[in-house]
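Chemist: Give me a model of this one.
(one chain, ligands or ions: 1)
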Amino acid sequence: MKFNTKIIHGGQKIDPAYGSVMPPIYQTSTYAQSTPGGHKGYEYSRTHNPTRNALENAFASIENGNYGLAFGSGLAAIDAILKLLEPGDEVISTSDLYGGSYRLFTNIYKKFGIKFHFIGMENAINIENYINDNTKLIWVETPTNPMMNIIDVKATATIAKKYNVLLAVDNTFATPYLQRPLDLGADIVMHSATKYIGGHSDLVMGALIVRDKDLADRLYFIQNASGAICGPQDSFLALRGIKTLHVRMQRHCENGKAVAEYLANHPKIESVYWPGFKDHPNHDIAKTQMDDFGGMVSFVTKGNNYDEAIKIVENLKIFTLAESLGGVESLAGHPASMTHASIPKEAREKTGVVDALIRLSVGIEDKEDLIADLEQAIG
Ligand SMILES: *Cc1c(COP(=O)(O)O)cnc(C)c1O
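Modeler: Okay, the predicted model is just below:
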C-alpha cells in the first residue's frame, strides 16, 4: 500500500457489528465477561479500547511500524519511553529541543538518577563523544523546535546500533508525510499527535510507534501500568485527522515555502530558519531524509528587539498568537516568552532562541492572505 492509501485505510477494519466505516466511539470503561476471563479481547479500557486500538493500528501503519501506542499527550508518550530506563542510565539529547521535553528530562527524570547530555547533533559524529557504557537512549528531534536544525537520522541510527543504544525520534514537526524515522533506522518514533497528526487544534495526544516486538511489549506494559492513555473520543478525532494528513501537509509545505521566501526577502528581517533554503546548514540532509520541508518557519527581526517581536505577534490578525502548531489555522508564537520560557535564558540563547525570535506554524489558508497579514504586522 502506498502512503496516501495507508493514510486512509492503514490498519483499519470495517466494524464487524454494523459495518460502520469509521470505528465507533466505544465510550466504555469495561466489558462484559461470560465467565471469569471469558471476554472478546477487551477487559478494561486502560489496557485496551477498540477505538484506541483502531488509532494505534493507524499510527503503526503510517510510520511503517508494527506497533502503535496512543497516550494522553505527547509528553505522556515521552514519559513512557523514559520509564524504560533505570537510575544510572544516560541519555544523549538534542540541545535545541521542545521546552516541555527539556523540562521533563531535567526537572523530573534527573532526580531519579538519569543523566542527560544536551548536545549539538548537526554533526552526528559529535554524538559518539558522549557515549559510554551507561548510555541507553539517544533522543533526536528533527527539524528542531524552534530553530529548524536538521539532524541526520540515518547517521545517528548507525551510531546507536554500533553501541546498542535505543534511538528515539520526535517526528512531530515532520510527520510521516515528510519523514519516516523507522525506515532510517530509528527504534522508536514519537509524536505529539496534538499537532499535525490531529491537525485541527482540537485535542491533546501522544503517539509511539516501534517495529520490535519486545520493545513494543515493554512499552505496552508501561502504558497500562502507568496509565497515561487517551480516551475513545479523542482517539476518534485523531483518526479522523489522520485521514487528511497528506492533503493538509501538501498545503502546509506549499504555504510554508511561500512565507519563508517572503520573509527572506523582507528588509526588516535578519534571519529566517526553514530547512528548504539552499543555504540552510543541513539542507542536503533535509533533502535526503525529508520529502518536502514542512510548514514551520522561524525568523528574527533586525536589531533583535524583544518589544518589537511582541508587537509583531500582537498585530497579526489571521495568524493567531498561541502556543502549539500543526493545525489547519496559522499560529504565531514567541518562544522566549512562551514555549521556551521554562528554559533558562542563557541556555536558550546558546541554541539561537533569542529575544526577537518568532515561530510561525503556517496553516492551510490562502497564502496571499497570510503574506499580507505578515506585511501589515511587520510594517
Ligand atoms: C508539543 C510538542 C511536544 C509535547 O506534546 P504535548 O502533546 O503537548 O504533550 C513534544 N515535542 C514537540 C516537538 C512538540 O511540538
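Chemist: so how far is the strand or helix carrying Leu55 from its chain's centroid?
Modeler: Take DSSP states H and E as the rule and Leu55 turns out to sit in helix 50-62. Helix 50-62 sits 17 Å away from the centroid of its parent chain (CA atoms, centre = their mean, to the nearest Å).
Chemist: Now the element after the helix or strand where Glu270 lies, going C-ward?
Modeler: Here Glu270 sits within strand 269-273, counting by DSSP H and E. Remark: after strand 269-273, the chain's next helix or strand is helix 283-289, criterion DSSP H and E.
Chemist: just how off-centre is the following helix or strand past that following helix within its chain?
Modeler: Once the chain leaves helix 283-289, the next helix or strand it forms, by DSSP H and E, is strand 296-301. Per CA atoms, centre = their mean, the displacement of strand 296-301 from the mean C-alpha position of its chain is 19 Å.
Chemist: Name the helix or strand of this protein that has the lowest mean pLDDT.
Modeler: When each helix and strand of the chain is scored by mean pLDDT, DSSP states H and E, helix 345-350 comes last, with a mean of 84.
Chemist: Now do the buried residues in that one.
Modeler: Arg348 (16 or more other CB atoms under 10 Å). The way it works is simple: take the backbone N, C-alpha and C, and place the C-beta from them, glycine included.
Chemist: what does stretch 127-140 give?
Modeler: With burial defined by 16+ other CB under 10 Å, the residues of stretch 127-140 counted as buried are 127, 131, 135-140.
Chemist: got the residue ranges for the helices in the stretch 151-300 of the chain?
Modeler: Ranges of helices in the stretch 151-300 of the chain, per DSSP state H, counting those that start in this stretch, are 153-162, 175-178, 213-226, 232-242, 245-264, 283-289.
Chemist: ok so, going back, pull the residues that contact the helix holding Leu55.
Modeler: With CB atoms under 8 Å, 6 or more residues apart in numbering as the test, helix 50-62 has contacts from 1, 3, 6-7, 10-13, 23-26, 42, 45, 65-70, 176, 191, 193, 207-209, 229-232, 235-236, 238-239, 242, 245.
Chemist: and that helix, C-alpha only, in CSV?
Modeler: C-alpha atoms of helix 50-62 as CSV (Å, rounded to 0.1, in the frame of the first residue of the first chain):
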residue,chain,number,x,y,z
PRO,A,50,-11.4,-0.7,20.4
THR,A,51,-11.4,2.9,19.2
ARG,A,52,-8.0,3.5,20.6
ASN,A,53,-6.7,0.3,19.1
ALA,A,54,-8.0,1.4,15.6
LEU,A,55,-6.0,4.6,16.1
GLU,A,56,-2.9,2.7,17.3
ASN,A,57,-3.1,0.5,14.2
ALA,A,58,-3.3,3.6,12.0
PHE,A,59,-0.2,5.1,13.8
ALA,A,60,1.8,1.9,13.2
SER,A,61,0.7,1.8,9.5
ILE,A,62,1.6,5.4,8.6
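Chemist: Measure how that helix sits relative to helix 245-264, angle-wise.
Modeler: Orientation of helix 50-62 against helix 245-264 (axes from the mean of the first three to the mean of the last three CA atoms, to 10 degrees) gives an angle of 60 degrees.
Chemist: Specify the angle between helix 50-62 and helix 213-226 in degrees.
Modeler: 150 degrees.
Chemist: Quick check: what element follows helix 50-62 along the chain?
Modeler: Next helix or strand after helix 50-62 toward the C-terminus (DSSP H and E): strand 67-71.
Chemist: For that next one, name the packing helices and strands.
Modeler: The contact analysis (3 or more CB pairs under 8 Å, 6 or more residues apart in numbering; DSSP states H and E) places strand 67-71 against helix 50-62, helix 74-82, strand 206-210, helix 213-226.
Chemist: so of these, which one's packed in deepest?
Modeler: Mean neighbours per residue, mean count of other CB atoms under 10 Å, is largest over these for strand 206-210, with a mean of 28.
Chemist: and that strand, how far out from the chain's middle?
Modeler: Distance of strand 206-210 from the chain centroid (CA atoms, centre = their mean) equals 10 Å.
Chemist: for the ligand, what are the nearby residues on the stretch 51-200 of the chain?
Modeler: Contact residues (CB under 6 Å from any ligand atom) of the stretch 51-200 of the chain with the ligand: 73-75, 98, 100-101, 141, 145, 170, 172-173, 192, 194-195.
Chemist: One more: the stretch 201-350 of the chain?
Modeler: When proximity is defined as CB under 6 Å from any ligand atom, the stretch 201-350 of the chain approaches the ligand at 204, 206.
Chemist: Could you tell me the angle between the helix holding Leu55 and strand 67-71?
Modeler: Using the same axes, to 10 degrees: helix 50-62 against strand 67-71 is 130 degrees.
Chemist: For the remainder of this discussion, apply numbering that starts at 347.
Modeler: I'll keep to 347 as the first residue from here, and by that count the last item is helix 396-408.
Chemist: Can you give me the pLDDT of Leu530?
Modeler: Leu530 is assigned 98 on the pLDDT scale.
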